[in-house]
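Asker: Kindly generate the corresponding structure for this input.
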Amino acid sequence: MIRVVGTGTGAPAPADVLAGAELVVGGRRHLEAVRPPGSAEQVVLGPLAPALDTIGKYVAEERPVVVLASGDPGFFGIVRALAERFGPELLDITPGVSSVAAAFARAGLPWEDAVVVSAHGREPRTAVNVCRAFPKVAVLTGPGAGPAELGAALRAYDRVLVVATALGSAGERLERVTPAEAAARDWGSAVSVVLCLDERRALGPVRAHAGLPVPPAGWALAEDAFAHRDSMITKFEVRALALARLGPRPGDLVWDVGAGSGSVAVECARLGAAVTAVEKTVDGVGRVRANAAAHGVDVQVVHGAAPTVLSDLDEPDAVFVGGGGQELAAVVTACARRARRTVVVALAALDRVPAARAALTGAGLVCDGVLLQSSRLAPLPGEVTRLAAANPVFLLWGVRPAARSEGVAQ
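Answerer: This next block holds a predicted model:
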(Lines give C-alpha, C1' and ligand atoms only; values in the text may rest on other atoms or scores of the structure.)
Protein backbone atom coordinates (compact mmCIF):
# COMPACT_ATOMS: atom_id res chain seq x y z
CA MET A 1 0.00 0.00 0.00
CA ILE A 2 1.18 3.51 -0.84
CA ARG A 3 -0.15 6.20 1.43
CA VAL A 4 -0.25 9.59 -0.32
CA VAL A 5 -0.67 12.60 1.96
CA GLY A 6 -1.39 16.15 0.83
CA THR A 7 0.15 18.55 3.29
CA GLY A 8 -2.23 21.41 2.63
CA THR A 9 -0.93 24.82 1.68
CA GLY A 10 2.38 24.47 3.44
CA ALA A 11 1.10 22.72 6.59
CA PRO A 12 3.15 19.72 7.74
CA ALA A 13 1.73 16.21 7.51
CA PRO A 14 0.24 14.81 10.72
CA ALA A 15 2.85 12.78 12.59
CA ASP A 16 0.70 9.66 12.75
CA VAL A 17 0.70 9.18 8.97
CA LEU A 18 4.39 8.30 9.11
CA ALA A 19 4.02 5.60 11.74
CA GLY A 20 5.33 2.32 10.42
CA ALA A 21 6.54 3.79 7.12
CA GLU A 22 9.66 2.12 5.75
CA LEU A 23 10.00 4.54 2.82
CA VAL A 24 9.09 8.23 2.91
CA VAL A 25 9.13 10.18 -0.37
CA GLY A 26 8.61 13.92 -0.71
CA GLY A 27 10.06 17.29 -1.53
CA ARG A 28 12.92 18.49 0.59
CA ARG A 29 10.73 20.97 2.49
CA HIS A 30 8.16 18.25 3.20
CA LEU A 31 10.76 15.91 4.62
CA GLU A 32 12.37 18.66 6.70
CA ALA A 33 8.98 19.56 8.20
CA VAL A 34 8.34 16.04 9.58
CA ARG A 35 10.25 13.39 11.45
CA PRO A 36 10.13 10.11 9.57
CA PRO A 37 10.92 6.98 11.59
CA GLY A 38 14.66 6.64 12.03
CA SER A 39 14.72 3.35 10.22
CA ALA A 40 12.80 4.66 7.19
CA GLU A 41 14.56 5.36 3.93
CA GLN A 42 13.98 8.89 2.66
CA VAL A 43 13.85 9.89 -1.02
CA VAL A 44 13.88 13.56 -1.98
CA LEU A 45 11.66 14.12 -5.01
CA GLY A 46 13.51 15.43 -8.01
CA PRO A 47 13.34 13.47 -11.25
CA LEU A 48 10.24 11.33 -10.91
CA ALA A 49 11.40 8.12 -12.58
CA PRO A 50 14.08 7.13 -9.97
CA ALA A 51 11.63 7.81 -7.13
CA LEU A 52 8.99 5.61 -8.77
CA ASP A 53 11.58 2.86 -9.23
CA THR A 54 12.43 2.96 -5.52
CA ILE A 55 8.75 2.94 -4.58
CA GLY A 56 8.30 -0.06 -6.88
CA LYS A 57 10.91 -2.08 -4.98
CA TYR A 58 9.13 -1.49 -1.67
CA VAL A 59 5.71 -2.24 -3.18
CA ALA A 60 7.01 -5.52 -4.61
CA GLU A 61 8.11 -6.53 -1.10
CA GLU A 62 4.79 -5.29 0.40
CA ARG A 63 6.61 -2.79 2.61
CA PRO A 64 4.71 0.40 3.63
CA VAL A 65 5.39 3.60 1.68
CA VAL A 66 4.34 7.19 2.42
CA VAL A 67 4.47 9.90 -0.26
CA LEU A 68 4.21 13.52 0.89
CA ALA A 69 2.92 16.13 -1.56
CA SER A 70 1.70 19.72 -1.60
CA GLY A 71 -2.01 20.45 -1.45
CA ASP A 72 -4.28 17.98 -3.18
CA PRO A 73 -2.00 15.36 -4.79
CA GLY A 74 -4.85 14.24 -7.05
CA PHE A 75 -5.13 17.66 -8.68
CA PHE A 76 -2.28 18.04 -11.22
CA GLY A 77 -0.19 16.12 -8.70
CA ILE A 78 1.71 12.90 -8.14
CA VAL A 79 -1.38 10.68 -7.88
CA ARG A 80 -1.56 10.38 -11.67
CA ALA A 81 1.97 9.00 -11.97
CA LEU A 82 1.46 6.65 -9.03
CA ALA A 83 -1.88 5.36 -10.34
CA GLU A 84 -0.45 4.80 -13.82
CA ARG A 85 2.53 2.89 -12.44
CA PHE A 86 1.02 0.91 -9.57
CA GLY A 87 -2.75 1.05 -10.06
CA PRO A 88 -5.31 3.10 -8.06
CA GLU A 89 -6.18 0.12 -5.84
CA LEU A 90 -2.78 0.39 -4.14
CA LEU A 91 -3.23 4.07 -3.21
CA ASP A 92 -4.56 5.42 0.08
CA ILE A 93 -4.92 9.17 -0.51
CA THR A 94 -5.44 11.91 2.07
CA PRO A 95 -5.85 15.20 0.17
CA GLY A 96 -4.89 18.59 1.51
CA VAL A 97 -6.20 21.99 0.44
CA SER A 98 -5.05 22.73 -3.10
CA SER A 99 -3.19 25.95 -3.85
CA VAL A 100 -6.00 26.92 -6.24
CA ALA A 101 -8.69 26.59 -3.55
CA ALA A 102 -6.51 28.47 -1.06
CA ALA A 103 -5.72 31.29 -3.51
CA PHE A 104 -9.37 31.90 -4.36
CA ALA A 105 -10.24 31.78 -0.67
CA ARG A 106 -7.59 34.40 0.10
CA ALA A 107 -8.95 36.53 -2.77
CA GLY A 108 -12.51 36.21 -1.44
CA LEU A 109 -13.87 34.70 -4.65
CA PRO A 110 -15.90 31.59 -5.53
CA TRP A 111 -14.17 29.42 -8.08
CA GLU A 112 -16.61 26.88 -9.47
CA ASP A 113 -16.61 28.99 -12.65
CA ALA A 114 -12.81 29.21 -12.86
CA VAL A 115 -10.78 27.45 -15.51
CA VAL A 116 -7.65 25.82 -14.07
CA VAL A 117 -4.65 25.27 -16.31
CA SER A 118 -1.19 23.97 -15.51
CA ALA A 119 1.93 25.54 -16.99
CA HIS A 120 4.22 23.47 -14.78
CA GLY A 121 6.48 21.44 -17.03
CA ARG A 122 4.31 22.34 -20.00
CA GLU A 123 4.41 24.81 -22.87
CA PRO A 124 3.06 28.10 -21.43
CA ARG A 125 1.15 29.15 -24.59
CA THR A 126 -1.86 27.01 -23.61
CA ALA A 127 -2.13 28.76 -20.25
CA VAL A 128 -1.68 32.16 -21.90
CA ASN A 129 -4.43 31.51 -24.45
CA VAL A 130 -6.82 30.26 -21.77
CA CYS A 131 -6.17 33.48 -19.82
CA ARG A 132 -6.91 35.49 -22.96
CA ALA A 133 -10.19 33.68 -23.60
CA PHE A 134 -11.77 33.32 -20.15
CA PRO A 135 -12.50 35.83 -17.36
CA LYS A 136 -11.42 33.71 -14.38
CA VAL A 137 -8.39 31.42 -14.66
CA ALA A 138 -6.02 29.83 -12.17
CA VAL A 139 -2.57 29.05 -13.53
CA LEU A 140 -0.29 26.54 -11.80
CA THR A 141 3.10 28.03 -12.61
CA GLY A 142 6.49 26.57 -13.33
CA PRO A 143 9.98 27.61 -14.42
CA GLY A 144 9.67 29.80 -17.52
CA ALA A 145 5.92 30.09 -17.04
CA GLY A 146 5.47 32.32 -14.02
CA PRO A 147 3.83 35.71 -13.37
CA ALA A 148 6.40 37.60 -15.45
CA GLU A 149 5.89 35.45 -18.54
CA LEU A 150 2.11 35.53 -18.16
CA GLY A 151 2.15 39.28 -17.70
CA ALA A 152 4.29 39.83 -20.79
CA ALA A 153 1.86 37.84 -22.91
CA LEU A 154 -1.24 39.56 -21.51
CA ARG A 155 -0.21 43.22 -21.74
CA ALA A 156 -2.90 43.98 -24.35
CA TYR A 157 -5.69 42.41 -22.27
CA ASP A 158 -7.81 43.94 -19.51
CA ARG A 159 -6.72 41.55 -16.80
CA VAL A 160 -5.55 41.63 -13.20
CA LEU A 161 -3.08 39.02 -11.97
CA VAL A 162 -3.36 37.88 -8.36
CA VAL A 163 -0.02 36.29 -7.49
CA ALA A 164 -0.15 33.92 -4.51
CA THR A 165 3.26 33.21 -3.03
CA ALA A 166 4.24 30.68 -0.34
CA LEU A 167 0.65 29.88 0.57
CA GLY A 168 0.25 28.49 4.07
CA SER A 169 3.69 29.60 5.25
CA ALA A 170 4.81 32.51 7.41
CA GLY A 171 5.90 34.32 4.26
CA GLU A 172 2.55 34.02 2.48
CA ARG A 173 1.74 36.94 0.15
CA LEU A 174 -1.14 37.79 -2.17
CA GLU A 175 -0.38 40.62 -4.62
CA ARG A 176 -2.68 42.17 -7.24
CA VAL A 177 -0.78 43.53 -10.22
CA THR A 178 -1.39 44.50 -13.82
CA PRO A 179 0.17 42.32 -16.53
CA ALA A 180 2.75 45.04 -17.21
CA GLU A 181 3.70 45.18 -13.51
CA ALA A 182 3.98 41.40 -13.37
CA ALA A 183 6.21 41.35 -16.45
CA ALA A 184 8.65 43.83 -14.90
CA ARG A 185 9.43 41.78 -11.78
CA ASP A 186 11.51 38.80 -10.76
CA TRP A 187 9.10 36.66 -8.72
CA GLY A 188 11.51 33.97 -7.57
CA SER A 189 10.55 30.32 -7.15
CA ALA A 190 8.00 30.46 -4.31
CA VAL A 191 4.90 31.38 -6.37
CA SER A 192 2.11 28.90 -5.63
CA VAL A 193 -0.49 29.92 -8.21
CA VAL A 194 -1.52 32.93 -10.32
CA LEU A 195 -5.15 33.97 -10.70
CA CYS A 196 -5.89 35.82 -13.94
CA LEU A 197 -9.10 37.83 -13.64
CA ASP A 198 -11.27 40.06 -15.76
CA GLU A 199 -12.59 41.91 -12.74
CA ARG A 200 -15.72 43.05 -14.56
CA ARG A 201 -16.74 39.38 -14.73
CA ALA A 202 -15.04 37.95 -11.66
CA LEU A 203 -18.42 37.07 -10.16
CA GLY A 204 -19.99 35.14 -12.99
CA PRO A 205 -23.54 33.79 -13.14
CA VAL A 206 -24.66 30.93 -10.91
CA ARG A 207 -23.73 27.62 -12.51
CA ALA A 208 -24.62 23.96 -12.07
CA HIS A 209 -21.24 22.68 -13.26
CA ALA A 210 -17.62 23.59 -12.64
CA GLY A 211 -14.72 24.51 -14.91
CA LEU A 212 -15.02 25.37 -18.58
CA PRO A 213 -18.34 26.94 -19.60
CA VAL A 214 -20.80 24.81 -21.53
CA PRO A 215 -20.06 25.11 -25.27
CA PRO A 216 -22.65 27.08 -27.22
CA ALA A 217 -25.71 25.10 -28.25
CA GLY A 218 -25.28 26.27 -31.82
CA TRP A 219 -22.76 27.92 -34.10
CA ALA A 220 -22.71 29.24 -37.65
CA LEU A 221 -25.06 31.94 -36.40
CA ALA A 222 -27.34 33.80 -38.79
CA GLU A 223 -25.94 36.97 -40.34
CA ASP A 224 -28.39 39.13 -38.40
CA ALA A 225 -26.67 38.04 -35.18
CA PHE A 226 -23.84 40.41 -36.16
CA ALA A 227 -23.58 44.05 -37.13
CA HIS A 228 -22.19 44.23 -40.65
CA ARG A 229 -21.90 46.61 -43.61
CA ASP A 230 -23.88 45.99 -46.80
CA SER A 231 -24.02 42.21 -46.24
CA MET A 232 -20.20 42.10 -46.18
CA ILE A 233 -20.06 39.12 -43.83
CA THR A 234 -19.05 35.48 -44.10
CA LYS A 235 -22.33 33.67 -44.70
CA PHE A 236 -23.35 31.06 -42.16
CA GLU A 237 -23.02 28.12 -44.58
CA VAL A 238 -19.42 29.09 -45.25
CA ARG A 239 -18.79 29.83 -41.60
CA ALA A 240 -20.03 26.38 -40.59
CA LEU A 241 -17.43 24.56 -42.68
CA ALA A 242 -14.73 27.09 -41.85
CA LEU A 243 -15.27 26.46 -38.13
CA ALA A 244 -15.14 22.71 -38.69
CA ARG A 245 -11.76 23.04 -40.41
CA LEU A 246 -10.35 25.61 -37.96
CA GLY A 247 -11.30 23.44 -34.95
CA PRO A 248 -11.15 26.27 -32.36
CA ARG A 249 -10.87 25.03 -28.77
CA PRO A 250 -9.69 26.20 -25.33
CA GLY A 251 -5.93 26.75 -25.32
CA ASP A 252 -5.81 27.66 -29.03
CA LEU A 253 -5.01 31.02 -30.58
CA VAL A 254 -6.91 31.78 -33.80
CA TRP A 255 -6.27 34.67 -36.19
CA ASP A 256 -9.16 36.14 -38.19
CA VAL A 257 -7.38 38.10 -40.93
CA GLY A 258 -9.46 40.63 -42.84
CA ALA A 259 -12.05 40.23 -40.12
CA GLY A 260 -14.71 42.60 -41.51
CA SER A 261 -17.62 42.12 -39.11
CA GLY A 262 -15.62 39.65 -37.02
CA SER A 263 -18.24 36.90 -37.32
CA VAL A 264 -15.61 34.14 -37.57
CA ALA A 265 -13.58 35.68 -34.75
CA VAL A 266 -16.61 35.83 -32.47
CA GLU A 267 -17.66 32.27 -33.25
CA CYS A 268 -14.16 30.95 -32.52
CA ALA A 269 -14.16 32.83 -29.21
CA ARG A 270 -17.59 31.39 -28.33
CA LEU A 271 -16.03 27.93 -28.75
CA GLY A 272 -13.30 28.77 -26.21
CA ALA A 273 -10.32 29.85 -28.30
CA ALA A 274 -8.30 33.01 -27.81
CA VAL A 275 -8.78 35.15 -30.93
CA THR A 276 -6.93 37.98 -32.62
CA ALA A 277 -8.88 39.78 -35.36
CA VAL A 278 -6.91 41.82 -37.91
CA GLU A 279 -8.88 44.58 -39.68
CA LYS A 280 -7.53 47.47 -41.75
CA THR A 281 -10.55 49.83 -41.64
CA VAL A 282 -11.43 51.99 -38.67
CA ASP A 283 -15.16 51.32 -38.92
CA GLY A 284 -14.43 47.58 -39.25
CA VAL A 285 -12.39 47.64 -36.03
CA GLY A 286 -15.31 49.21 -34.20
CA ARG A 287 -17.71 46.69 -35.69
CA VAL A 288 -15.62 43.70 -34.57
CA ARG A 289 -15.36 45.08 -31.05
CA ALA A 290 -19.09 45.74 -30.91
CA ASN A 291 -19.93 42.23 -32.10
CA ALA A 292 -17.54 40.65 -29.58
CA ALA A 293 -19.09 42.68 -26.76
CA ALA A 294 -22.60 41.77 -27.90
CA HIS A 295 -21.75 38.07 -27.67
CA GLY A 296 -19.85 38.36 -24.38
CA VAL A 297 -16.46 37.19 -25.64
CA ASP A 298 -12.93 38.58 -25.67
CA VAL A 299 -11.44 39.29 -29.09
CA GLN A 300 -8.17 41.19 -29.44
CA VAL A 301 -8.58 43.54 -32.39
CA VAL A 302 -5.50 44.72 -34.30
CA HIS A 303 -5.95 47.73 -36.58
CA GLY A 304 -3.69 47.37 -39.57
CA ALA A 305 -3.13 45.75 -42.94
CA ALA A 306 -1.93 42.21 -43.45
CA PRO A 307 0.62 40.88 -44.02
CA THR A 308 2.56 43.78 -42.45
CA VAL A 309 0.99 43.62 -38.98
CA LEU A 310 1.11 39.84 -38.70
CA SER A 311 4.79 39.73 -37.75
CA ASP A 312 3.99 41.34 -34.39
CA LEU A 313 1.37 38.73 -33.43
CA ASP A 314 1.88 35.57 -31.39
CA GLU A 315 2.01 32.34 -33.35
CA PRO A 316 -1.49 30.99 -34.09
CA ASP A 317 -2.83 27.47 -34.04
CA ALA A 318 -5.32 28.22 -36.81
CA VAL A 319 -5.98 31.12 -39.19
CA PHE A 320 -9.02 32.23 -41.15
CA VAL A 321 -8.33 34.53 -44.09
CA GLY A 322 -11.48 36.31 -45.22
CA GLY A 323 -9.86 39.20 -47.06
CA GLY A 324 -6.64 40.08 -48.78
CA GLY A 325 -7.36 41.71 -52.11
CA GLN A 326 -4.30 42.11 -54.29
CA GLU A 327 -2.11 41.04 -51.34
CA LEU A 328 -3.92 37.71 -50.92
CA ALA A 329 -1.02 35.46 -51.87
CA ALA A 330 1.36 37.30 -49.54
CA VAL A 331 -1.19 37.23 -46.72
CA VAL A 332 -1.86 33.50 -47.08
CA THR A 333 1.84 32.76 -47.30
CA ALA A 334 2.56 34.72 -44.10
CA CYS A 335 -0.25 32.93 -42.28
CA ALA A 336 0.66 29.48 -43.58
CA ARG A 337 4.29 29.82 -42.52
CA ARG A 338 3.33 30.50 -38.92
CA ALA A 339 0.15 28.49 -38.33
CA ARG A 340 0.76 25.46 -36.14
CA ARG A 341 -2.22 23.51 -37.43
CA THR A 342 -4.33 24.91 -40.26
CA VAL A 343 -5.19 27.89 -42.47
CA VAL A 344 -8.66 28.35 -43.98
CA VAL A 345 -9.22 30.78 -46.88
CA ALA A 346 -12.61 31.99 -48.17
CA LEU A 347 -12.67 33.31 -51.74
CA ALA A 348 -15.43 34.72 -53.92
CA ALA A 349 -13.21 35.27 -56.97
CA LEU A 350 -12.27 32.26 -59.09
CA ASP A 351 -9.14 34.02 -60.35
CA ARG A 352 -7.58 34.06 -56.88
CA VAL A 353 -7.97 30.36 -56.09
CA PRO A 354 -4.74 29.17 -57.78
CA ALA A 355 -2.60 31.76 -55.98
CA ALA A 356 -4.13 30.94 -52.59
CA ARG A 357 -3.68 27.22 -53.15
CA ALA A 358 -0.07 27.72 -54.23
CA ALA A 359 0.59 29.80 -51.12
CA LEU A 360 -0.75 27.03 -48.86
CA THR A 361 1.18 24.23 -50.52
CA GLY A 362 4.29 26.38 -50.86
CA ALA A 363 4.38 26.72 -47.08
CA GLY A 364 4.31 22.95 -46.66
CA LEU A 365 0.61 22.52 -45.92
CA VAL A 366 -1.57 19.78 -47.37
CA CYS A 367 -4.31 21.60 -49.28
CA ASP A 368 -7.92 20.71 -49.97
CA GLY A 369 -11.06 22.69 -50.71
CA VAL A 370 -14.64 22.89 -51.91
CA LEU A 371 -16.94 25.17 -53.84
CA LEU A 372 -19.92 26.01 -51.64
CA GLN A 373 -23.06 26.92 -53.58
CA SER A 374 -26.15 27.00 -51.39
CA SER A 375 -29.77 27.97 -51.93
CA ARG A 376 -31.93 29.26 -49.12
CA LEU A 377 -35.68 29.04 -48.72
CA ALA A 378 -37.37 32.32 -49.71
CA PRO A 379 -41.09 33.21 -49.69
CA LEU A 380 -43.14 33.94 -52.78
CA PRO A 381 -46.58 35.53 -53.03
CA GLY A 382 -49.36 33.04 -52.49
CA GLU A 383 -47.77 31.42 -49.47
CA VAL A 384 -45.33 29.36 -51.54
CA THR A 385 -41.56 29.05 -51.31
CA ARG A 386 -38.72 29.17 -53.77
CA LEU A 387 -34.99 28.52 -53.51
CA ALA A 388 -32.86 31.67 -53.65
CA ALA A 389 -29.28 30.95 -54.69
CA ALA A 390 -26.46 32.54 -52.71
CA ASN A 391 -23.21 33.59 -54.35
CA PRO A 392 -20.77 30.66 -54.66
CA VAL A 393 -17.71 30.73 -52.40
CA PHE A 394 -14.51 28.74 -52.61
CA LEU A 395 -13.22 27.46 -49.28
CA LEU A 396 -9.63 26.23 -49.24
CA TRP A 397 -7.80 24.84 -46.24
CA GLY A 398 -4.23 23.78 -45.64
CA VAL A 399 -3.25 21.47 -42.80
CA ARG A 400 0.24 21.02 -41.43
CA PRO A 401 1.27 17.38 -41.96
CA ALA A 402 2.11 16.82 -38.28
CA ALA A 403 -1.36 18.03 -37.28
CA ARG A 404 -2.89 15.87 -39.99
CA SER A 405 -1.25 12.75 -38.56
CA GLU A 406 -2.67 13.62 -35.12
CA GLY A 407 -6.23 13.33 -36.39
CA VAL A 408 -7.19 16.88 -37.35
CA ALA A 409 -10.44 16.77 -39.31
CA GLN A 410 -10.01 16.76 -43.07
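
Asker: drop to CA atoms for contacts and neighbour counts, all remaining ones
Answerer: OK.

Asker: Quick one: the strands in the stretch 151-300 of the chain, in order.
Answerer: Listed in chain order, the strands of the stretch 151-300 of the chain (DSSP state E, counting those that start in this stretch) span 160-165, 173-177, 191-197, 253-257, 274-279, 300-303.

Asker: possible to save those strands as CSV with mean neighbour count?
Answerer: As requested, these are arranged in CSV below (neighbours: other CA atoms under 10 Å):
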stretch, mean neighbour count
strand 160-165, 24
strand 173-177, 16
strand 191-197, 25
strand 253-257, 29
strand 274-279, 29
strand 300-303, 19
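
Asker: Please name whichever of those is nearest to residue 314.
Answerer: Residue 314 lies closest to strand 253-257 among these, at 8.3 Å (CA to CA).

Asker: Mind listing the strands that closest one pairs with, and their directions?
Answerer: Applying DSSP bridges, strand 253-257 is found paired with strand 274-279 (parallel), strand 318-321 (parallel).

Asker: In a markdown table, list those strands along with distance to residue 132 and mean pLDDT.
Answerer: Putting the strands paired with strand 253-257 into a markdown table (distance: least, CA to CA, whole Å; pLDDT from 0 to 100) gives the following:
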| stretch | distance to residue 132 | mean pLDDT |
| --- | --- | --- |
| strand 274-279 | 6 | 98 |
| strand 318-321 | 16 | 98 |
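
Asker: Reformat these as CSV; add distance to residue 51.
Answerer: Below are those laid out as CSV (distance: least, CA to CA, whole Å):
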stretch, distance to residue 51
strand 274-279, 38
strand 318-321, 40
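
Asker: Out of those strands, flag the one nearest residue 89.
Answerer: That would be strand 274-279 among those, by CA to CA, at 39.6 Å.

Asker: Show me the shaky parts of the stretch 1-150 of the chain.
Answerer: Within the stretch 1-150 of the chain, the segments meeting pLDDT under 70 span 8, 10-15.

Asker: now the strands: where do they sit in the stretch 301-410 of the chain?
Answerer: Per DSSP E, counting those that start in this stretch, the stretch 301-410 of the chain carries strands over the ranges 318-321, 342-347, 366-372, 375-380, 384-389, 393-399.

Asker: which one of the strands paired with strand 253-257 lies closest to residue 346?
Answerer: Closest approach to residue 346 among the strands paired with strand 253-257 (CA to CA): strand 318-321, 6.4 Å.

Asker: so residue 168 makes contact with residue 9?
Answerer: Yes. Contact between residue 168 and residue 9 holds when scored by CA atoms under 8 Å: they sit 4.5 Å apart.

Asker: ok, the two, which is more surrounded?
Answerer: Between residue 168 and residue 9, counted using other CA atoms under 10 Å, the more crowded position is residue 9 (23 against 18).

Asker: residues contacting the more buried one?
Answerer: Residue 9 makes contacts with 70-71, 96-99, 102, 167-169, as judged by CA atoms under 8 Å, 6 or more residues apart in numbering.

Asker: Please enumerate the helices of the stretch 201-350 of the chain.
Answerer: For the stretch 201-350 of the chain, applying DSSP state H, counting those that start in this stretch gives helices covering 236-246, 263-270, 282-294, 328-338.

Asker: Among the strands of the stretch 151-300 of the chain, which comes closest to residue 48?
Answerer: With CA to CA as the measure, strand 191-197 is the member of those nearest residue 48 (20.1 Å).

Asker: and the closest one, what does it pack onto?
Answerer: In terms of contacts (3 or more CA pairs under 8 Å, 6 or more residues apart in numbering; DSSP states H and E), strand 191-197 is packed against helix 99-107, strand 136-140, strand 160-165.

Asker: Of these, flag the one that's most buried.
Answerer: The highest average neighbour count among the helices and strands packed on strand 191-197, using mean count of other CA atoms under 10 Å, belongs to strand 136-140 at a mean of 26.

Asker: which other residues reach it?
Answerer: Under CA under 8 Å, 6+ apart, the answer for strand 136-140 is 100, 113-120, 127, 130-131, 192-198, 201-202.

Asker: Kindly report the same for stretch 172-180.
Answerer: By CA under 8 Å, 6+ apart, stretch 172-180 touches 106-107, 148, 150-155, 159-167.

Asker: ditto for stretch 375-387
Answerer: For stretch 375-387, contacts defined as CA under 8 Å, 6+ apart pick out 388-390.

Asker: Which one of these is nearest to residue 144?
Answerer: residue 390 (50.5 Å).

Asker: my guess is that closest one meets residue 348, correct?
Answerer: No. If you go by CA under 8 Å, residue 390 and residue 348 don't touch, sitting 11.3 Å apart.

Asker: Now do the end-to-end distance for stretch 347-365.
Answerer: 18 Å (CA to CA, to the nearest Å).

Asker: Please enumerate residues in contact with it?
Answerer: Stretch 347-365 is contacted from outside by 322, 328-330, 332-333, 336-337, 342-343, 345, 366-367, 391-401, using CA under 8 Å, 6+ apart.

Asker: Give the buried residues for it.
Answerer: For stretch 347-365, a neighbour-count test (16 or more other CA atoms under 10 Å) marks 347, 353, 356-361, 363, 365 as buried.

Asker: cool, and stretch 382-397?
Answerer: Neighbour-count burial for stretch 382-397, counted by 16+ other CA under 10 Å, picks out 392-397.

Asker: Tabulate those residues (JSON lines), appending distance to residue 28.
Answerer: Listed next are the buried residues of stretch 382-397 as JSON lines, based on distance: CA to CA, whole Å:
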{"residue": "392", "distance to residue 28": "66"}
{"residue": "393", "distance to residue 28": "62"}
{"residue": "394", "distance to residue 28": "61"}
{"residue": "395", "distance to residue 28": "57"}
{"residue": "396", "distance to residue 28": "55"}
{"residue": "397", "distance to residue 28": "52"}
